[in-house]
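S.K.: any chance you can model this:
(one chain, ligands or ions: 1)
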Amino acid sequence: MKPLKDFVRDVLDFPRKGIVFKDLTPLLSDGEAFRRTVAELARLGDGAVDKVAAVEARGFLFGAAVAAALGIGVVPIRKKGKLPFFCHSVSYDLEYGKDVLEMHSDALLPGQRVLIVDDVLATGGTCGAAIQLIRKTGAVPVEAAFVIELGFLKGRDKLDGVPVRALLNY
Ligand code: AMP
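M.R.: Residues are numbered from 1 along each chain as shown. Next comes the predicted model:
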């Protein structure tokens with residue numbers, strides 16, 4: 001069995017010069033590696049969570065599979081203007097400028113325990129916004145699970161104490 005790291009492709013200077021993009025399409029396209037990844041992500045939240053919150057767009061691929069593996073529902077967190085019903089919104093800082101994430105305001109109930117799933121934790125801005133969105137409903141983000149954590153960017157410091165689990169660290 002090949003280690004999961006063997007299915008991560010480094011793409012230099014994408015989407016901008018100086019960025020090393022962690023491309024997970026080789027992992028997604030290998031049935032055994034994808035199954036193993038989903039099983040490991042699901043084990044982290046097993047038994048302790050009511051919903052998965054998945055972050056657009058690559059987070060959907062992993063989050064939906066993790067939710068199905070756990071037998072619980074999945075809530076999409078999307079870029080502004082994509083969701084059709086009433087939404088909570090949170091604006092967050094990007095390297096240049098700002099962006100807005102949204103979640104349906106009825107997606108979670110107060111007290112529900114939520115596992116956040118995304119592909120990569122980089123600077124933490126995206127996941128930090130997801131945490132704020134979840135808290136706006138009264139639900140509780142209990143853990144954030146990633147395939148990859150880019151530890152040198154210190155993203156976990158922006159997650160307001162929410163525990164982070166990552167399968168691969170760089
Ligand atoms: P951040 O808000 O900086 O933590 O960025 C998180 C989002 O950007 C994740 O949803 C990732 O999909 C994407 N991302 C950021 N940096 C990278 C990278 N080096 N390789 C792949 N995806 C990345």
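
S.K.: next up, phi/psi of residue 148, please.
M.R.: Per-residue torsions, residue 148: phi -130, psi 140 (degrees, to the nearest 10).

S.K.: burial of it, as a residue count?
M.R.: For residue 148, the count of nearby residues is 21 (other C-beta atoms under 10 Å). Any C-beta I mention is one placed from the backbone N, CA and C, and that applies to glycine too.

S.K.: ok, it - contacts?
M.R.: Residues near residue 148 by C-beta atoms under 8 Å, 6 or more residues apart in numbering: 8, 22, 24, 119, 120, 121, 166, 167, 168, 169, 170.

S.K.: what sits against the spatially most central residue of the chain?
M.R.: Computing the C-alpha centroid of the chain and ranking residues by C-alpha atoms, centre = their mean puts residue 118 first, at 1.9 Å. Contact partners of residue 118, counting by C-beta under 8 Å, 6+ apart, are 54, 55, 58, 59, 62, 63, 126, 127, 130, 144, 146.

S.K.: now those residues as a markdown table including pLDDT?
M.R.: Output for these, formatted as a markdown table (pLDDT from 0 to 100):
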| residue | pLDDT |
| --- | --- |
| 54 | 98 |
| 55 | 97 |
| 58 | 97 |
| 59 | 98 |
| 62 | 98 |
| 63 | 98 |
| 126 | 97 |
| 127 | 98 |
| 130 | 98 |
| 144 | 97 |
| 146 | 98 |
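
S.K.: nearest to the ligand, of those residues?
M.R.: Nearest to the ligand out of those is residue 126 (C-beta to the nearest ligand atom; 3.3 Å).

S.K.: ok, the closest one touching residue 93?
M.R.: No: using C-beta atoms under 8 Å, residue 126 is not in contact with residue 93; the gap is 10.4 Å.

S.K.: more neighbours: these two, which one.
M.R.: Comparing residue 126 with residue 93 by other C-beta under 10 Å, the one with more neighbours is residue 126, at 23 against 13.

S.K.: give me the neighbour count for the nearest residue to the more buried one once chain neighbours are set aside.
M.R.: Spatially, and ignoring its direct neighbours in sequence, residue 126 is nearest to residue 55 (5.9 Å; C-beta to C-beta, 6 or more residues apart in numbering). If you count neighbours by other C-beta under 10 Å, residue 55 ends up with 26.

S.K.: which residues are contacting the lengthiest helix in the chain?
M.R.: In the chain, assigned by DSSP state H, the helix with the most residues is helix 31-45. By C-beta under 8 Å, 6+ apart, the residues outside helix 31-45 that reach it are 1-2, 4, 7, 26-28, 52, 62, 65-66, 69-70, 115, 117, 142-143, 145, 147, 165, 167.
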